[in-house]
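[1] Structure of the sequence below:
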Amino acid sequence: MRLIWFSGVCGAIVVVLLVLGERTLPLFGGDRDLAARSYKTLFTLLISSIAAGLIPTVFGLVARFGRNRLAETNAPFRLVRRFLPVLEIAGPWLAGAIALSGVVMAAYIWMNA
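    Here you go, the predicted model:
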């Protein structure tokens, strides 16, 4: 649940920054290039944080829904029963990979923008 709130806060920050737009230019001393580079880097970090925060939650919900569905129908699919715990394990790992790739992408943007 905390990850959903974290993703919501990051999304709200993105919306606020989009609304503010060029009104924040004086914070950068009027330098448009620095402002553009900073905003590109910040948006990359925030959007990767949103994705990294939502993925474990979505995977966990899919696993819970699948487990409840299997209990209701008494499905004989052994593969499905083995796959559900993988979702709960893969969610945090995938979130970490997305967060790490967001940091790498933001560093690349900062250096080359």
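[2] for the chain, what spans make up the helices?
    In the chain, the helices defined using DSSP state H lie at 2-20, 32-73, 78-112.
[3] Of the ones you listed, which is nearest P26?
    Comparison of the helices of the chain against P26 by C-beta to C-beta identifies helix 32-73 as nearest, at 9.7 Å. (C-beta placed from N, C-alpha, C; glycine too.)
[4] Point out where this protein drops to low pLDDT.
    Counting by pLDDT under 70, the chain has low-confidence residues at 66-82.
[5] same thing but 90
    1-4, 21-32, 34, 56-92, 113 (pLDDT under 90).
[6] Can you say which of the helices of the chain is packed in most?
    helix 32-73 (a mean of 16; mean count of other C-beta atoms under 10 Å).
[7] For that helix, name the packing helices and strands.
    helix 2-20, helix 78-112 (3 or more C-beta pairs under 8 Å, 6 or more residues apart in numbering; DSSP states H and E).
[8] could you dump the ones you listed to TSV with distance to R64?
    Listed next are those as TSV, based on distance: least, C-beta to C-beta, whole Å:
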stretch	distance to R64
helix 2-20	15
helix 78-112	9
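[9] Roughly how far does the nearest residue to I98 once chain neighbours are set aside sit from G29?
    Residue nearest to I98 in three dimensions, not counting chain neighbours: A52, with 4.5 Å by C-beta to C-beta, 6 or more residues apart in numbering. Applying C-beta to C-beta, to the nearest Å, the value for A52 to G29 is 32 Å.
[10] Could you do V14 as well?
    24 Å.
[11] do L100 as well
    As judged by C-beta to C-beta, L100 and G29 stand 32 Å apart.
[12] A12 too?
    For A12 relative to G29 (C-beta to C-beta), the value is 27 Å.
[13] ok, now how distant is the residue lying closest to T44 once chain neighbours are set aside from V58?
    In space, T44 comes closest to A106 once its chain neighbours are excluded; the distance is 4.3 Å by C-beta to C-beta, 6+ apart. Noted for A106: a distance of 23 Å to V58, by C-beta to C-beta.
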